[in-house]
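Asker: no sequence for this one, just the structure:
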């Protein structure tokens, strides 16, 4: 009886299909080749859209990379010069009651 179980597990390892087991701590499925045991969500390759602190810039980070970050639920990428420029333009619009036209030369 034990021999039959070993054969089944061996055949599962030898499988060429995608694993598709659910990860324990994220809502994605494992995309690795069939393997025994639980799937490690740090290897999750699904892209997660993350925003900067002000919401101007977004970047796609692999779910597994995000899991490595200590406070991943509240993770925000750093703002850039583009964010500062956009914030300045908002202040100018408020100061001129929205009557600002930006001309790029």
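Answerer: Perfect, I can see it now. These numbers were taken from a predicted model, which means no experiment stands behind them.
Asker: pLDDT at residue 83, what is it?
Answerer: Residue 83 carries a pLDDT score of 90 in this model.
Asker: Is it within a helix or a strand, and which one?
Answerer: Residue 83 belongs to helix 81-95 when assigned by DSSP states H and E.
Asker: Break down the protein into its helices, ranges please.
Answerer: In the chain, the helices defined using DSSP state H lie at 2-14, 63-67, 81-95.
Asker: State the mean pLDDT of the shortest one.
Answerer: Looking back up the chat, that one is helix 63-67. For helix 63-67, the mean confidence score works out to 83.
Asker: if we look at that helix, which residues are touching it?
Answerer: For helix 63-67, contacts defined as C-beta atoms under 8 Å, 6 or more residues apart in numbering pick out 25-26, 28, 41-48, 50, 72, 75. Any C-beta I mention is one placed from the backbone N, CA and C, and that applies to glycine too.
Asker: most surrounded residue in those?
Answerer: residue 44 (24 neighbours; other C-beta atoms under 10 Å).
Asker: what comes up buried for stretch 70-84?
Answerer: Neighbour-count burial for stretch 70-84, with 16 or more other C-beta atoms under 10 Å as criterion, is recorded at 79, 83.
Asker: Just give me how far it sits from the chain centre.
Answerer: Stretch 70-84 sits 13 Å away from the centroid of its parent chain (C-alpha atoms, centre = their mean, to the nearest Å).
Asker: what's the first-to-last distance across that stretch?
Answerer: The stretch stretch 70-84 measures 27 Å between its terminal residues, going by C-alpha to C-alpha, to the nearest Å.
Asker: before we move on, what about stretch 31-50?
Answerer: 22 Å.
Asker: Same check on stretch 68-82?
Answerer: Termini of stretch 68-82 sit 27 Å apart (C-alpha to C-alpha).
Asker: repeat for stretch 59-76
Answerer: End-to-end for stretch 59-76, by C-alpha to C-alpha: 10 Å.
Asker: Please state the offset of it from the chain centre?
Answerer: Worked out by C-alpha atoms, centre = their mean, stretch 59-76 lies 6 Å from the chain centre.
Asker: I'd like to know how many residues surround the residue lying closest to residue 17 once chain neighbours are set aside.
Answerer: Of all residues not flanking residue 17 in the chain, residue 34 sits nearest, at 5.2 Å (C-beta to C-beta, 6 or more residues apart in numbering). Neighbour count of residue 34, defined by other C-beta under 10 Å: 16.
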